[in-house]
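J.: A structural model of the following input is requested.
(chains A and B)
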2 protein chains.
Amino acid sequence: MTSQSSTDPNLQAAIEEAELGAREGGIPIGSVLVHRGEILGRGHNRRVQNGSVVLHGEMDALENAGRQPASVYRDSVLYTTLSPCPMCTGAILLYGIPKVVIGENRTFLGEEEVLRSRGVEVEVVQDEACIRMMEQFIADRPELWNEDIGE
Amino acid sequence: MTSQSSTDPNLQAAIEEAELGAREGGIPIGSVLVHRGEILGRGHNRRVQNGSVVLHGEMDALENAGRQPASVYRDSVLYTTLSPCPMCTGAILLYGIPKVVIGENRTFLGEEEVLRSRGVEVEVVQDEACIRMMEQFIADRPELWNEDIGE
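T.: Take a look at the predicted model:
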């Protein structure tokens, strides 16, 4: 682990994915999908690495978890280092994932209200490592960050 | 073209993508992203072909269009053979695509009200070829269809 932290090990795994993305020259956002304590899929933003416009961290974690029955999604928690954008929010709703743990929403506030309004439990940790990582990235690469959020 | 049709050539291109997906043994939903009359990306659902849980037809079209500036998305129209699910709806909102042309919403009604509430123009064609294709698919493969919509 490169971030020392007292955080939940699943959030820590998402942070490690974000750090891996940063080391690849990409956007430092990571995510893991966890079913009954077991990580089913890990992922990080692939815009730079794969030229992908759909593989945000959360989407990459879902993709890497593979095809799962609805019953698995409905008993899972999605961890993400950053508040989910509209696309990732929609994926959470599509698959009926009942809980999302968010590293931070200070640098970007996604569609948390939509999630809550549809009955998804949303927990925001405001993890210092997550905040620092995004603050640094946005300061260094504002044009890349704006591209990733459609601005 | 395997479907004779008097439809918009862009919707026809989305239908051809859906038909291609069906011939591959996949879920017959297709989409194209069109910028000022030019198709930037074509796509179809890849759940069966790639084991993908994120590449719905609309997502695949966006992915195949590649990284585009916000100004391009904001001057584009997304054509899709079927009413968009929450994930694809979220992607449309993320990238600020101002208009969506939908082949049909009789076999599945997606998040059209969310799109309209966020200012997206939504046009539903109720194209007979699109309806027949989905009716046949849902009758033949109900378990695969339910998986694709998280049920």
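J.: If we ignore the residues flanking it in sequence, what's nearest A:Gly96?
T.: Leaving aside its sequence neighbours, A:Gly96 sits nearest to A:Arg74 (C-beta to C-beta, 6 or more residues apart in numbering or on different chains; 4.9 Å). Quick note: C-beta positions are derived from backbone N, CA and C, even for glycine.
J.: same check, this time on A:Gly66
T.: Counting by C-beta to C-beta, 6+ apart, the nearest residue to A:Gly66 once its immediate chain neighbours are dropped is B:Gly51, at 6.1 Å.
J.: try A:Ala13
T.: In space, and not counting its chain neighbours, A:Ala13 is closest to A:Val32: 4.8 Å by C-beta to C-beta, 6+ apart.
J.: Count the neighbours of the residue nearest to A:Gly66 for me.
T.: 11 (other C-beta atoms under 10 Å in any protein chain shown).
J.: Could you check the pLDDT of it?
T.: On pLDDT, B:Gly51 comes in at 98.
J.: follow-up on the earlier one: isn't the residue nearest to A:Gly96 up against A:Lys99?
T.: No - with contact defined as C-beta atoms under 8 Å, A:Arg74 does not count as touching A:Lys99 (10.3 Å).
J.: Flag every residue of chain A that's near chain B.
T.: Residues of chain A lying close to chain B (C-beta under 8 Å from any C-beta of the partner chain) are A:47, A:51-55, A:59, A:62-63, A:65-70, A:73, A:85-91, A:93-96, A:111, A:146-147, A:149-151.
J.: And for the residue of chain A found nearest chain B, nearest residue in space, chain neighbours not counted?
T.: When scored by C-beta to the nearest C-beta, chain A has A:Gly90 as its residue closest to chain B, at 2.7 Å. Leaving aside its sequence neighbours, A:Gly90 sits nearest to B:Gly90 (C-beta to C-beta, 6+ apart; 2.7 Å).
J.: tally of neighbours for that neighbour?
T.: There are 27 residues near B:Gly90, going by other C-beta under 10 Å.
J.: cool, and the one 4 residues further on?
T.: Burial measure for B:Leu94: 25 neighbouring residues, criterion other C-beta under 10 Å.
J.: what sits against it?
T.: Neighbour list for B:Leu94: A:Cys85, A:Pro86, A:Met87, A:Ile149, A:Gly150 [criterion: C-beta atoms under 8 Å, 6 or more residues apart in numbering or on different chains].
J.: got it, and A:Ala70?
T.: A:Ala70 neighbours (C-beta under 8 Å, 6+ apart): A:Tyr95, A:Gly96, B:Asn146, B:Glu147, B:Gly150, B:Glu151.
J.: Give me the subset of these lying in helices.
T.: The helices, defined by DSSP state H, take in A:Tyr95, B:Asn146, B:Glu147 from these.
J.: Neighbour-wise, which one of these leads?
T.: Ranked by the number of neighbours (other C-beta under 10 Å), those place A:Tyr95 first, at 24 neighbours.
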